[in-house]
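[1] Structure, please.
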Amino acid sequence: MNPVFAIGLPHGMEWVWIFLIFVLVFGADKIPKLARGLGKSLGEFKKAKEDFEKELHSASSPETPAPAQPALGERTPPAGTEPIKGAGSMDELTKKL
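    Numbers count the residues shown, from 1 in each chain. You can find the predicted model right below:
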């Protein structure tokens, strides 16, 4: 056996002893509950990871273009106001008066 793989890793009969100690500590009836809880938590973790990846992907490639920003010094009308139809520039309005 390659000694690199044997460093710190249990093998052979050691797994049997680890399993027996595990059963004695937790009891035979709690092991399925622990495994079920571990499976649920891993499933939730996987779902959260997939949601995060979807959010990251959607943020990196937006489906709708962002609204254009006004140029520096350009005034924008307040939100909720629309320009009056038929009104031109300020010079045209003053000429009419």
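[2] Tell me where this protein has strands.
    For the chain, strands defined by DSSP state E do not occur.
[3] where in it is pLDDT low?
    Scanning the chain for pLDDT under 70 picks out the ranges 1-7, 62-97.
[4] Mind doing that once more with 90?
    In the predicted model, the chain carries pLDDT under 90 at residues 1-16, 18-19, 22-32, 34-35, 56-97.
[5] helices or strands up against the helix ranked longest in the chain?
    Identified as the longest helix of the chain according to DSSP state H is helix 30-60. Helix 30-60 sits against helix 13-26, with contacts defined as 3 or more Cβ pairs under 8 Å, 6 or more residues apart in numbering; DSSP states H and E. (Glycine included, C-beta is placed from N, CA and C.)
[6] how near is residue 53 to residue 47?
    11 Å (Cβ to Cβ, to the nearest Å).
[7] can I assume residue 26 is in contact with residue 34?
    Yes - the pair residue 26 and residue 34 qualifies as a contact (Cβ atoms under 8 Å) at a distance of 6.5 Å.
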